[in-house]
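Q: Let me see the structure of the following:
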Amino acid sequence: MFVVRRAPPPSMDASSRVLIIANPISGKRQGARAGTKATTTLRKYGFAVEVRLTERPVHARELAARARAEGFTHVVAVGGDGTLNEVCTGLHDARALEHVR
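A: Predicted coordinates for the structure are as follows:
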């Protein structure tokens, strides 16, 4: 798990809606806590943040695929390489990666 402790990127502003997809059993079952820390940091900068915990295999993919349709402008994956892979695949499935730079 990686934690970034610096200001959000310039592409984010106060109108950004952020979805954090967290795997609660990743990192010795610390994924939910890491998701909470990320939420606290982003809210400190004024962003609207929602956290969704994965409940089963492929759930992160499903959550990510629906994110854009639900109005989220940014998606954060909290977990290991499997969670990141599922989130990227879900965004790809939803054709939400066209705006990624």
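Q: Give the partner strands of the strand or helix carrying V75 in its sheet and their orientations.
A: Using DSSP states H and E, V75 maps to strand 74-78. When sheet partners are counted by DSSP bridges, strand 74-78 sits next to strand 17-22 (parallel).
Q: quick one: buried residues of the next helix or strand after the partner strand?
A: Toward the C-terminal end, the helix or strand that comes next after strand 17-22 (DSSP H and E) is helix 26-29. Neighbour counts over helix 26-29 (16 or more other CB atoms under 10 Å) mark S26 as buried. All C-beta atoms are positioned from the backbone trio N, CA, C, and that covers glycine.
Q: and the residue most central in space within the chain, what is it in contact with?
A: Note on the chain: the residue nearest the mean C-alpha position is V76, at 2.1 Å, using CA atoms, centre = their mean. Counting by CB atoms under 8 Å, 6 or more residues apart in numbering, V76 touches V18, L19, I20, I21, A38, L42.
Q: Show the pLDDT at it.
A: V76 is assigned a predicted lDDT (pLDDT) of 92.
Q: Alright, calling it a day.
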